[in-house]
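What would the 3D arrangement of this be:
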Amino acid sequence: MTSKDEFFNPAKLSPRDKAAATDTTARAIVSAETAARDKKTEKLRALRLQQAAEAPPVATPAKKRRAAAK
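Just a heads-up that it's a prediction; the model follows:
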């Protein structure tokens with residue numbers, strides 16, 4: 001059978017230590033999300049550039065001249 005000491009830490013953490021642990025965890029999460037977002041952005045940019053390179057150029061219609069005012 002397990003004892004109570006295995007689940008609960010008998011030593012209390014100071015508020016500063018709790019804040020440091022929370023800060024470290026939050027920074028790690030934000031860093032991981034930023035890395036994933038940057039990776040996705042690069043992938044989408046490469047696909048967009050590839051698609052633009054493969055697409056035929058769009059011909060712009062010639063501008064119509066206005067008739068001179070009488």
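
What's the first helix or strand after the lowest-mean-pLDDT helix or strand in the chain?
Lowest on mean pLDDT, DSSP states H and E among the helices and strands of the chain sits helix 4-7, with a mean of 66. Per DSSP states H and E, the first helix or strand lying C-terminal to helix 4-7 is helix 15-54.

quick one: the residue nearest in space to the middle of the chain from K43, how far?
Taking C-alpha atoms, centre = their mean, the centroid of the chain lies closest to R37, which sits 2.2 Å from it. With distances taken as C-beta to C-beta, to the nearest Å, R37 is found 11 Å from K43. Quick note: C-beta positions are derived from backbone N, CA and C, even for glycine.

ditto for A28
In terms of C-beta to C-beta, A28 sits 23 Å off from K43.

With P61 instead?
On the measure of C-beta to C-beta, P61 and K43 end up 35 Å apart.

do V30 as well
20 Å.

Show me the shaky parts of the chain.
1-6, 8-10, 70 (pLDDT under 70).

run the last query once more with 50
Of all residues in the chain, none has pLDDT under 50.

give me the number of residues near the residue lying closest to L13 once chain neighbours are set aside?
Nearest residue to L13, sequence neighbours excluded (C-beta to C-beta, 6 or more residues apart in numbering): A21, at 7.6 Å. Using other C-beta atoms under 10 Å, A21 has 11 other residues around it.

cool, the one 5 residues further on as well?
Residue neighbour count, defined by other C-beta under 10 Å, stands at 10 for A26.

same question, the one 5 residues further on
S31 has 10 neighbouring residues, counting by other C-beta under 10 Å.

now the one 5 residues further on
Neighbour count for A36, taken as other C-beta under 10 Å: 10.

ditto for the one 10 residues further on
Other residues within reach of A46 by the criterion other C-beta under 10 Å amount to 10.

Look up how far A32 lies from it.
22 Å.

what does A26 give?
11 Å.

Which secondary structure state does V58 sit in?
coil (DSSP: H, G, I helix; E, B strand; the rest coil).
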